[in-house]
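> Structure of the sequence below:
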Amino acid sequence: MHEVTMPQSEQKPKDGDFVASLTPKQIVSELNKFIVGQNNAKRAVAIALRNRWRRQQLSDSLRDEVGPKNILMIGPTGVGKTEIARRLAKLSKSPFIKVEASKYTEVGYVGRDVESMVRDLVELSKTMVKEEMQVEVRGKAREQATERLLDLLLPPPPGHSGKTGFNSDPNGKLHYDQTRGKFRQMLKEGSLDEREVEIDVTEKRSPMIDVVSGAGMEEMGNNLKDMIGSLMPGKTKKRKLKVPEAFKALCQEEAEKLLDEDSMIQEALNRVEQNGIIFIDEIDKITGRSNQGTSGPDVSREGVQRDLLPIVEGSSINTKYGIVKTDHILFVSAGAFHSSKPSDLIPEFQGRFPIRVELDSLTKEDFVQILTEPKNALVKQYMALLKAEDVNLTFQEDAIEQIADMSAQVNFRTENIGARRLHTIMEKLLEDISFDAPDLEDKNITIDAAYIREKLKDIIQDEDLSRYIL
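Alright, predicted model coming up:
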């Protein structure tokens, strides 16, 4: 039986130390919660992640000698290549970025240079570290923001702004402290939420300049903007906000003051160098065609591969926060390789990806599992969405089988787009229910195989129509 139940509220993620010490079997088990099948790929990425933890246990002299074993995933679209890498990064809490190989150009051509992927990863890592550090100082920031807010709600009376004034009038100080304590309690209870206060808000304006693209110009443009931005200090303006909004703004401001910028940047750079993961998708789009020579755009494609080589092998990349070494960044590449094959990549680039994993095309049985078993199963998502309209949607077992069967049929007869076919069929199937959901009188709807055949039989039978609609 394929029983589908509504997702329950989840506990907070496990701490980083536990995640870092997960065994390969536990890593695969975690990935199984979201991804169906593809056991070979899961095993490969689990070993790669565990090797990172093993490397941290080595002596300093040997640790630098052990490099990551980069992975090349080969398989049709929609079978889980990107999802495996994304879930792995989330599981390990590592800085992770997904890039499209086809968006980069060879040095000398107009476009993005390949080094920008490392700079983007550094920015993402800095954001991660900043959020973690803000959590650590949140308690102290809230205390300081509360005091500032109380100063705005209850300013000291005239003549009592300084310590001398209060010392000369102890009764006045006692009365003020008592009133301030009452306001503190009212603030905690939410009794002052409708009150408005006036605070100074700093406006951060980016300089309105742009730099013409070109080789090495992207980093120069970022540095130029930062330099001009530092010469133009942020302006402050007074804004009237309600107490909850003002408290939030003051908490953010106090948290910023408590953060150590230098240690934050150092930690961000260290995480990129030791734990960073770069997922390069569409790697087959930069292969040269072996039967067409090296004319035309193939020259630029191979140029991108050559530019990627030093980064994947290990080099020093200049970012606005400092030099980043890519020696221990894990690179995971993926491509469908419909019109080319991995051997069309230049030999040096092939050698940088020693682990090759071929992902299988999805079958009807896989579709059934995808629809029902993962935590983020498609059927559970649609049930939750319609529950927002108080519509109780139920899928019978034969309905799940029918959707899976139709998806497999359309993939076989038209273009194989893997699990993404389930999205198109589910959207078409529930189109009327989604449109009429707010106005439905009967909020209990059961989907069975007969309903699905009635809704989709004409489209499924007409191959030309299914090419356009499904």
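
> What are the contacting residues of stretch 51-68?
20-21, 48, 69, 92, 274-275, 314, 327-331 (C-beta atoms under 8 Å, 6 or more residues apart in numbering). No exception for glycine: its C-beta is placed from N, CA and C like everyone else's.

> Can I get the helix or strand hosting S333 in PDB? Just the C-alpha atoms.
Assessed by DSSP states H and E, S333 sits inside strand 330-335. C-alpha atoms of strand 330-335 as PDB (Å, rounded to 0.1, in the frame of the first residue of the first chain):
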ATOM      1  CA  LEU A 330      35.300  19.500  -3.900                       C
ATOM      2  CA  PHE A 331      34.100  19.800  -7.500                       C
ATOM      3  CA  VAL A 332      31.100  17.800  -8.700                       C
ATOM      4  CA  SER A 333      30.300  18.000 -12.400                       C
ATOM      5  CA  ALA A 334      27.200  16.700 -14.100                       C
ATOM      6  CA  GLY A 335      25.900  16.400 -17.600                       C
END
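
> any idea of the mean pLDDT for the helix or strand following that strand?
Next in sequence after strand 330-335, counting helices and strands by DSSP H and E, comes helix 347-351. Averaged across helix 347-351, the pLDDT comes to 88.

> Packing partners of helix 347-351?
helix 298-313 (3 or more C-beta pairs under 8 Å, 6 or more residues apart in numbering; DSSP states H and E).

> Give me the buried positions along the helix it packs on.
298, 300-305, 307-309, 311-313 (16 or more other C-beta atoms under 10 Å).

> now the longest helix belonging to the chain: mean pLDDT?
For the chain, the longest helix by residue count, based on DSSP state H, is helix 116-153. Rounded to a whole number, the mean pLDDT of helix 116-153 is 87.

> Taking strand 330-335 as reference, get the angle to that helix.
Per axes from the mean of the first three to the mean of the last three C-alpha atoms, to 10 degrees, the angle that helix 116-153 makes with strand 330-335 is 120 degrees.

> Now do stretch 407-426: distance to the chain's middle.
Relative to its chain's centre, stretch 407-426 lies at 26 Å (C-alpha atoms, centre = their mean, to the nearest Å).

> how long is that stretch end to end?
Distance across stretch 407-426, first residue to last, is 10 Å (C-alpha to C-alpha, to the nearest Å).

> Name the residues that touch the strand holding S333?
Taking C-beta under 8 Å, 6+ apart as the rule, strand 330-335 contacts 45, 48, 52, 68, 70-75, 81-82, 85, 101, 276-285, 312, 352-353.

> Restricted to strands, list those.
Taking DSSP state E as the definition of strands, those contribute 71-74, 277-281.

> returning to that earlier point: pick out whichever of the buried residues of helix 298-313 sits closest to R138.
R138 lies nearest to I311 out of the buried residues of helix 298-313, by C-beta to C-beta, at 36.7 Å.

> can you pull the contacts of the closest residue to A41 other than its chain neighbours?
Spatial nearest neighbour of A41, excluding adjacent residues (C-beta to C-beta, 6 or more residues apart in numbering): V357 at 4.6 Å. Counting by C-beta under 8 Å, 6+ apart, V357 touches 40-41, 44, 71-74.

> now for the longest helix of the chain, which elements pack on it?
When contacts are defined as 3+ C-beta pairs under 8 Å, 6+ apart, helix 116-153 sits against strand 96-100, helix 170-189, strand 196-203, helix 217-231, helix 243-258, helix 261-275, strand 277-281, strand 316-319.
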